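In: Using only what follows, build the 3D model:
(one chain, ligands or ions: 1)
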Amino acid sequence: MNWFKLGRAIRTTIRTGGVSALRGGCCMSPVPEIMLNNGQKIPQLGFGVFLIRPEDTADAVTEALEVGYRHIDTAEMYGNEKEVGEAVARSGLSRRDVFVTSKLGNDAHRPDDARRAFDQTLKALGFAYIDLFLIHWPLPMRYDGDFVSTWHTLAEFYRDGRARSIGVSNFQAHHLRRLHVQSDIPPAVNQIEAHPYLTQDELRRFCAEHQIAVEAWSPIAHGGDLLRDPVIRRIAAETGRSPAQVVLRWHIQRGDIVFPKSVKSGRIRENFDIFDFELSGEHIAAISALNRNHRIGPNPDTFPG
Ligand SMILES: NC(=O)c1ccc[n+]([C@@H]2O[C@H](COP(=O)([O-])OP(=O)(O)OC[C@H]3O[C@@H](n4cnc5c(N)ncnc54)[C@H](OP(=O)(O)O)[C@@H]3O)[C@@H](O)[C@H]2O)c1
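Out: So this is what the prediction gives:
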């Protein structure tokens, strides 16, 4: 099936930015779910574990699960998949109630290496399957620029059921176009750097047109200057919310998936507590107008140089 037919098949459920926001999967969760282009659902808010030391990861994830997060974003590169798996196992939650994403290491793009790396990810997590597995970076300067073979290898994991969904990260529109031409299976998500200083409007539009859900990494831009921005602070004062909550709510209302990271109890809770208020259209526009195309992370077209 080509991507456009697939898009038509799920169009009845599409309402926001190419994906649908459905109210919570679990009876009690306030977190909306996004329907991916293969019919799987993903909680729109999750918990990221980049730069959480392995020895701190199980406790942080345990705390997040206690607060109510049901979506964890890790990667082979973060070195803490094992501890994520341990926290899920000891939570007492059913495996199917926690959505876990991991990503392929940059040294494992060749098909046989990718197969070995995927086996290792499942083993480290202690899972029989993963909810979402991503190519972490397109690496156009490596492997003769051949991320398409890597994508075909992820499609094997999808077909054999060990990856419930597959997707990409840090792909630009021209990288996605190559997959579009060379594969029948579209990425379920594209995980990209996005926040009010890097709104990624064009790439998000491309993803919406192709029914690829957008995941915004570093959603609060690491909590630095952005949270001190006068516009964010004004809206925080007007809504009685923290700057981080305002920025996360902006992402949610744009329809993107987010997973802020924190090792601090108060912030893990604060970042979850964003479903009982709404930003006005004026607020959304004012935050979007902060865009300055400023990246915190590397440029996917040149990384690693
Ligand atoms: N695909 C990719 O290439 C890629 C790249 C980067 C990140 N990611 C994913 O995206 C997730 C989130 O991105 P990120 O960790 O880079 O950045 P982020 O979530 O935007 O920001 C995390 C930083 O903000 C602080 N923070 C968290 N909540 C806060 C709050 N309420 N108020 C003030 N400061 C707060 C944290 O400090 P404390 O921990 O001290 O609270 C931490 O230093 C990652 O964990 C990872 O899962 C993916």
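In: Quick check: the residue of the stretch 1-150 of the chain nearest the ligand.
Out: residue 48 (2.3 Å; CB to the nearest ligand atom). C-betas here are computed from N, CA, C, even on glycine.
In: is it true that that residue touches residue 71?
Out: No: using CB atoms under 8 Å, residue 48 is not in contact with residue 71; the gap is 9.6 Å.
In: between those two, what contacts are shared?
Out: residue 259 (CB atoms under 8 Å, 6 or more residues apart in numbering).
In: Mind listing what's buried along stretch 78-85?
Out: Residues 78, 80-85 are the ones in stretch 78-85 that count as buried (16 or more other CB atoms under 10 Å).
In: Kindly report the residues of this structure close to the ligand.
Out: Neighbours of the ligand within the chain, by CB under 6 Å from any ligand atom: 48-50, 73, 136, 169-170, 191, 217-223, 227, 244, 259-264, 267, 270-271, 297.
In: so residue 72 sits in a strand?
Out: Yes: with DSSP: H, G, I helix; E, B strand; the rest coil as the criterion, residue 72 is part of a strand.
In: Based on its surroundings, how many neighbours for it?
Out: Residue 72: 28 surrounding residues under other CB atoms under 10 Å.
In: beta partners for it?
Out: Residue 72 has these beta-bridge partners by DSSP bridges: residue 47, residue 100.
In: who's in contact with it?
Out: By CB under 8 Å, 6+ apart, the neighbours of residue 72 are 46-47, 49, 61, 64, 84, 88, 98-101, 259.
In: how about those, which pair is most distant?
Out: Pairwise distances across the contacts of residue 72 (CB to CB) peak at 14.8 Å, for the pair 88 and 259.
In: Next step: the residues of the chain next to the ligand restricted to strands.
Out: When the residues of the chain next to the ligand are checked against strands (DSSP state E), the matches are 48, 73, 169, 191, 217.
In: Quick check: pLDDT value at the last one.
Out: pLDDT, the model's per-residue confidence, is 98 for residue 217.
In: wait, doesn't it sit right on residue 198?
Out: No: with contacts defined as CB under 8 Å, residue 217 does not count as touching residue 198, sitting 10.4 Å away.
In: ok, back up a step: next, format the contacts of residue 72 as CSV and append distance to residue 112.
Out: Converted to CSV, these look like this (distance: CB to CB, whole Å):
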residue, distance to residue 112
46, 31
47, 32
49, 28
61, 31
64, 35
84, 25
88, 28
98, 30
99, 28
100, 24
101, 23
259, 30
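In: which of these lies closest to residue 186?
Out: residue 101 (17.0 Å).
In: Helix, strand or coil: sort out the nearest residue to the closest one once chain neighbours are set aside for me.
Out: Nearest residue to residue 101 in three dimensions, chain neighbours excluded: residue 132, at 4.1 Å (CB to CB, 6 or more residues apart in numbering). Following three-state DSSP, residue 132 is assigned to strand.
In: any low-confidence regions in the stretch 1-150 of the chain?
Out: Along the stretch 1-150 of the chain, the model assigns pLDDT under 70 to residues 1-27.
In: can you map out the helices along it?
Out: For the stretch 1-150 of the chain, applying DSSP state H, counting those that start in this stretch gives helices covering 3-10, 54-67, 81-90, 111-125, 147-159.
In: Please identify the most buried of the ones you listed.
Out: For these, the largest average neighbour count (mean count of other CB atoms under 10 Å) is found in helix 81-90, namely a mean of 21.
In: Show me what it is packed up against.
Out: For helix 81-90, the packing partners by 3 or more CB pairs under 8 Å, 6 or more residues apart in numbering; DSSP states H and E come out as helix 54-67, strand 99-104, helix 111-125.
In: returning to that earlier point: return the member of the buried residues of stretch 78-85 nearest to residue 42.
Out: residue 84 (16.2 Å).
In: so what's the closest residue to the closest one other than its chain neighbours up against?
Out: Using CB to CB, 6+ apart and skipping the chain neighbours, the partner closest in space to residue 84 is residue 74 (4.8 Å). For residue 74, the contact set (CB under 8 Å, 6+ apart) comprises 49, 80-81, 84, 100-103.
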